[in-house]
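Asker: Provided below are the primary sequence and the corresponding predicted coordinates.
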Amino acid sequence: MIKKDLVIIGGGSAGLASAVSAFDNGIRDLIILERNPELGGILNQCIHPGFGLHHFHEELTGPEYADRYINEVKKRNIPYLLNSQVLNITKGKIVTFINENGVQKFEAKAIIFAAGCNERTRGQILTPGYRPKGVYTAGLAQKYLNIYGRLVGKNVYILGSGDIGLIMARRMTLEGAKVLGVSEIMPYSNGLKRNIAQCLEDFNIPLRLSNTVTNIFGRDRLEAIEISDVDEKLQPIKGTEKIIKCDTLLLSVGLYPFNSMLKNAGCVVNKESKGSLVDQNLETSIEGIFSTGNVLHVHDLVDFVSEESERAGTNAAKYILNKLSEVKNIVNVSHSKNVSYLIPSIIKVREENENIIFSFRVRKNIKKATIILKNPAKVHYSVKKINLLPAEMIKINVKNLNLLDCNELSLEVIEDE
Amino acid sequence: MNKEEKQKLYDVIIIGGGVIGCSIARYLSRFNLKLLLLEKHNDVGDEASGANSGIVHSGYDPLPGTKKAYFNVRGNKMFDEVVKELDVSFKRIGSLTLSFSDEDDKTLLELKKRGDENGVETKILSKEETLKLEPNLSKEIHGALFASSAGIVSPFALTNNLMENALDNGAELLLNTEVTKIKKKVEFYRVFEKNGLFFDTKLVVNAAGLYSDKIQNLVGESDFKITPRKGEYFVLDHFDNNFIKHTIFMCPTKVGKGVLISQTASGNYLVGPSNDECAVDDVSTDSLTLSEIKKTALKICPSLPFEETIREFSGIRPNSDIDDFIIKESEKNPGFYTVGGIMSPGLASSLAIGEYVSELIEKKLNLEINKNFNQYIRKHLSLAKLGEEKYNELIKEDPRYGHMVCRCEKVSEGQILDAIHRNSGARTIKGVKKRVRPGFGKCQGTFCEAGIAQILARELKVDLSEICYSDLGTNVLLKAHKGSEND
């Protein structure tokens, strides 16, 4: 079996950034496995601008953003295999993959799992009604339009105010389709503010909050949908039904990590983020297997995927080169109820003073908050933030955290008056 | 009848390409005859045969002496051999029918007695024995009736591969051909389709499932009426193939077998069905029914992980107002056979019904054995079946077997091409899905659908916009070209 120091699974934004940083931290025997015919992942179909403002301080399209990293990979001659689908990962870090040369295996010292996320489908949100053609996830419609140059429909309604749905509202309008509206079951939007403004408001596309699709009509092709307002428990309110004639319904109802391969390998799952449970180095419960990007937790901006993945690459390199010092203490990290998930879930304390990045999301809009990190005895860190939104990932970078004598750490978001 | 008409005369026309029509076609193709199957949809098996529990019932349930009992028990036994011939995934996982009360205990004894009479081996298990087999079941159960011969089969593959095998052996198939009129002539029947084309045949087999009463009406008879009943289901991902290992039934009631939990032949879990009167084409699902199913299923198995749900669907059972299968030649119209009201356990009975009807017709027409009959279809090749070493040899021959198109279900381009270029080959997205499974996985086709549409367009030599999801009119794209002004 061919041995590799590092196998990176996925050649999208997360895989590319982690490959570059692993290389820059001294790893030479590495390879990227990518299932598609080109590197870049989902960025390739995201031809709209808005990427890179944080990371490159300029506005790029998806393919441009990907290209920056692809160039870095090529500059370093980091090897990659395209059209190569990973089939299986074992606890012992054997990666089985398939391509046109056959089923092959690598025995890796370390693995970075960067396989991205999936869109939630109609089946997962239990939308009732008929099952005609014309109901697509926004990402699939985006692929048909931006990769294949084809429109899936002309009269479009969108369920869910996730960013892909908002982007597709504008995109399909520009390509000549009529976008009739967007329904969001929550009382707030799930997309970035700038997307609401630039993709809906600029085109007079109505956004209906606390509203959802409650029926789907049409035996062959979609003919109409029924939308209804929902109450605080998200249950449809009788009497508020409205029929909308359309040939296409796009679903933008959330993303979830495509993590089943790590789950099958035996990595413990973080039930809240749906990715793997990781420590502050992004290492999973299996030593030497790291997880990063949208397969770890769904990010709002690719810039943050890159940042996180650079950390994964750096830490995997340290692991391979035995540069990680001994674990002196293990701290479990919990969070307050208004936080929907938190990464890391566990901190392996190796130094007296650790710099740790915490990423999380809140469950509802919070105007003013104080975020604190504490154990029962001591507040370690505190910061004030305004306008926390479920749609936006929150990241705090805590320096010089001394956790040698700490067993439990809790992140709490306290709502300020 | 002139010479040309005689040449065109079919021996048998089967109306309906569900599992029953396809099974009759397959068994008839053992004989020398001119055989045509007419299907109104764009593929075989797109109604009841494509939306059911996929259970091969053991046969303890039907009342002794009924056609249901006979064909179920005989049909069940035929599966082991036929699935090998037709390369269909099938597993005899056994079923457990649960008791939750003293009343249920009595019903189980009654069912056991019926099983004995029907010649089906069953065993009453205690609560402890049942929970030992299935530790995830509710601790509230009293016990269960175990039937080891119950199985699970892919209804999609079974229906299609029966058709493929019939075509391999000389039968003909016309899709998108809806029969709207039948004229009885002196020596033959003239069968008209919607657009006025007609086909002459000595015998007609009405295997039109949900529409078998309507087809019977076309020859002026109405001795039964289809009373369609809808069953809604949840489909769960293949998250753990040890979670529930048997097919789990509730105690049956007068209206049906109740909610079941079972693995499918592909390792997914099915939860359902409901059982409600419905219109013949009402395949919608509704929240209330699904939440009732969920409630019942959680009573059976409190830890059933509904968060693994990937799809809901409904199927319509072709129940009739006669409490048994209808399998007979018309007295008024000799040569017109009706095989209707094939409700549950129809799938389990399908092979036996096909065999039986083919033999009725063999006698009627005095058919000779088809000496070239090959009961085997060409094997489908996959990594799971061949293992790595043999699959690598296949990739060497055809590298497209190394190109994975569907990552959820691990389906290669080679497998998809093979599914397209066979008899009864796939010509739609759903057709590919039913034959080799891309789109059945957790992502429900969001990753692979566009790629499959592209492969279909290339192989069928049509524009991408002509590719349909299933029936004509379900085109995956509305516009021929982005920005084109003409449509």
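Answerer: Noted; the coordinates are in hand.
Asker: Next to chain A, which bits of the stretch 251-400 of chain B? Give me the list.
Answerer: The stretch 251-400 of chain B comes close to chain A at residues B:281, B:283-287, B:290, B:309-313, B:383, B:388, B:391-392, B:395-396, B:399-400, as judged by CB under 8 Å from any CB of the partner chain. C-beta coordinates here come from the backbone N, C-alpha and C atoms, glycine included.
Asker: Just the buried ones out of the residues you listed, please.
Answerer: Among these, those scoring as buried are B:283-287, B:290, B:309-313, B:383, B:391-392, B:395, B:399-400 (criterion: 16 or more other CB atoms under 10 Å in any protein chain shown).
Asker: Next step: those residues restricted to helices.
Answerer: With helices taken from DSSP state H, the overlap with those comprises B:Ser287, B:Leu290, B:Leu383, B:Tyr391, B:Asn392, B:Ile395.
Asker: wait, doesn't the third one sit right on B:Ser412?
Answerer: Yes. Counting by CB atoms under 8 Å, a contact exists between B:Leu383 and B:Ser412, whose distance comes to 7.5 Å.
Asker: shared neighbours, these two?
Answerer: Applying CB atoms under 8 Å, 6 or more residues apart in numbering or on different chains, one finds that B:Leu383 and B:Ser412 are jointly contacted by A:Ile98.
Asker: Turn the ones in helices among the buried ones among the residues of the stretch 251-400 of chain B next to chain A into a markdown table, columns for pLDDT and distance to B:Ser99.
Answerer: Shown next, in a markdown table, are these (pLDDT from 0 to 100; distance: CB to CB, whole Å):
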| residue | pLDDT | distance to B:Ser99 |
| --- | --- | --- |
| B:Ser287 | 94 | 30 |
| B:Leu290 | 97 | 25 |
| B:Leu383 | 96 | 42 |
| B:Tyr391 | 98 | 46 |
| B:Asn392 | 98 | 50 |
| B:Ile395 | 98 | 51 |
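Asker: Please identify which pair of these lies farthest apart.
Answerer: Based on CB to CB, the longest span within these runs between B:Ser287 and B:Asn392 and measures 47.9 Å.
Asker: Now do the domain split for chain B, please.
Answerer: Chain B breaks down into these domains under automatic domain parsing: B:3-48+B:156-226+B:322-365, B:95-148+B:229-317, B:383-466.
Asker: Take the ones in helices among the buried ones among the residues of the stretch 251-400 of chain B next to chain A and write them to a markdown table, including distance to B:Lys183.
Answerer: Shown next, in a markdown table, are those (distance: CB to CB, whole Å):
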| residue | distance to B:Lys183 |
| --- | --- |
| B:Ser287 | 47 |
| B:Leu290 | 45 |
| B:Leu383 | 52 |
| B:Tyr391 | 53 |
| B:Asn392 | 58 |
| B:Ile395 | 54 |
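Asker: Pick out whichever of the residues you listed sits closest to A:Cys267.
Answerer: Checking these one by one against A:Cys267 (CB to CB), the nearest turns out to be B:Leu383, at 23.4 Å.
Asker: how about the nearest residue to that closest one, chain neighbours excluded?
Answerer: Excluding its sequence neighbours, the residue lying closest to B:Leu383 (CB to CB, 6 or more residues apart in numbering or on different chains) is B:Tyr391, at 4.7 Å.
Asker: What of B:Thr296?
Answerer: Once flanking residues are discounted, B:Thr296 sits nearest to B:Val259: 4.4 Å by CB to CB, 6+ apart.
Asker: Please report how far the one you found lies from B:Ile300.
Answerer: According to CB to CB, to the nearest Å, B:Val259 and B:Ile300 sit 7 Å apart.
Asker: same question, B:Val476
Answerer: Taken as CB to CB, the spacing of B:Val476 relative to B:Ile300 amounts to 38 Å.
Asker: do the same with B:Asp282
Answerer: Here B:Asp282 is placed at a distance of 27 Å from B:Ile300 (CB to CB).
Asker: And the two? Which one has more around it.
Answerer: B:Ile300 (24 against 15; other CB atoms under 10 Å in any protein chain shown).
Asker: how about that one, what does it touch?
Answerer: Contact analysis of B:Ile300 by CB under 8 Å, 6+ apart lists B:Leu98, B:Leu137, B:Ser138, B:Ile248, B:Met250, B:Val259, B:Ile261.
Asker: Was I right to think B:Ser303 contacts B:Asn136?
Answerer: Yes. Counting by CB under 8 Å, B:Ser303 does reach B:Asn136; the two are 5.7 Å apart.
Asker: Between the two, tell me which one has more neighbours.
Answerer: For B:Ser303 and B:Asn136, the more surrounded residue by other CB under 10 Å is B:Asn136, and the numbers stand at 17 against 10.
Asker: Which of the three states applies to the more buried one?
Answerer: coil (DSSP: H, G, I helix; E, B strand; the rest coil).
Asker: any idea how far it lies from B:Lys299?
Answerer: Taking CB to CB, one finds B:Asn136 at 13 Å from B:Lys299.
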